[in-house]
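J.: Structure for the following, please:
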Amino acid sequence: QVQLVESGGGLVQAGGSLRLSCLVSGDTLNNYAMAWFRQAPEKAREFVGIIWNGGGTSYADSVKGRFTVSRDSAKNMVYLQMSSLKPEDTAVYYCAAQTNGSPWFPSDYQYWGQGTQVTVSS
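T.: Okay, here's the model as predicted:
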């Protein structure tokens with residue numbers, strides 16, 4: 001059974017940086033496309049960024065140039081480096097894994113972590 005565990009969330013001031021981590025267990029990381037989603041209160045879960053099996057990445061327009069998704073296959077870890085944070089980045093951030101399907105839709109992901117809270121103060 002594949003399990004995802006996020007860590008690294010917290011409170012940060014606007015303009016600051018934070019790195020989230022996602023530990024993957026139960027299977028090899030490179031078997032999956034790994035994505036980050038976020039969900040703010042009373043809003044739908046939204047795509048943030050993805051790293052494909054081949055290593056390429058793609059991002060939502062709202063975070064492009066500020067966020068970077070990376071992975072360490074030897075450690076089975078995926079990261080989301082966030083910089084120039086804004087109050088509107090405040091949300092619970094989720095790590096997700098898929099073997100196929102659209103990268104943009106949460107329903108196309110087979111595995112999810114429990115989420116980690118990121119709060120950006122103004």
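J.: For the rest of this, base every contact and every neighbour count on C-alpha atoms.
T.: OK.
J.: which residues sit in contact with the residue sitting nearest the centre point of the chain?
T.: With distances taken as C-alpha atoms, centre = their mean, the residue of the chain nearest its centroid is Trp36 (2.2 Å). Neighbour list for Trp36: 47-50, 80, 93-96 [criterion: C-alpha atoms under 8 Å, 6 or more residues apart in numbering].
J.: Check Ile51 too.
T.: Contacts for Ile51 (C-alpha under 8 Å, 6+ apart) come out as 33-35, 57-58, 69-71.
J.: that older thread, got a ChimeraX select line for the buried ones in the contacts of Trp36?
T.: Buried residues within those, by 16 or more other C-alpha atoms under 10 Å, are selected in ChimeraX with:
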select :47,48,49,50,80,93,94,95,96
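J.: ok, back up a step: please tell me how far the residue nearest to the centre of the chain sits from Gln98.
T.: Separation of Trp36 from Gln98 (C-alpha to C-alpha, to the nearest Å): 11 Å.
J.: Skipping adjacent residues, who's closest to Trp104 in space?
T.: Of all residues not flanking Trp104 in the chain, Phe47 sits nearest, at 5.9 Å (C-alpha to C-alpha, 6 or more residues apart in numbering).
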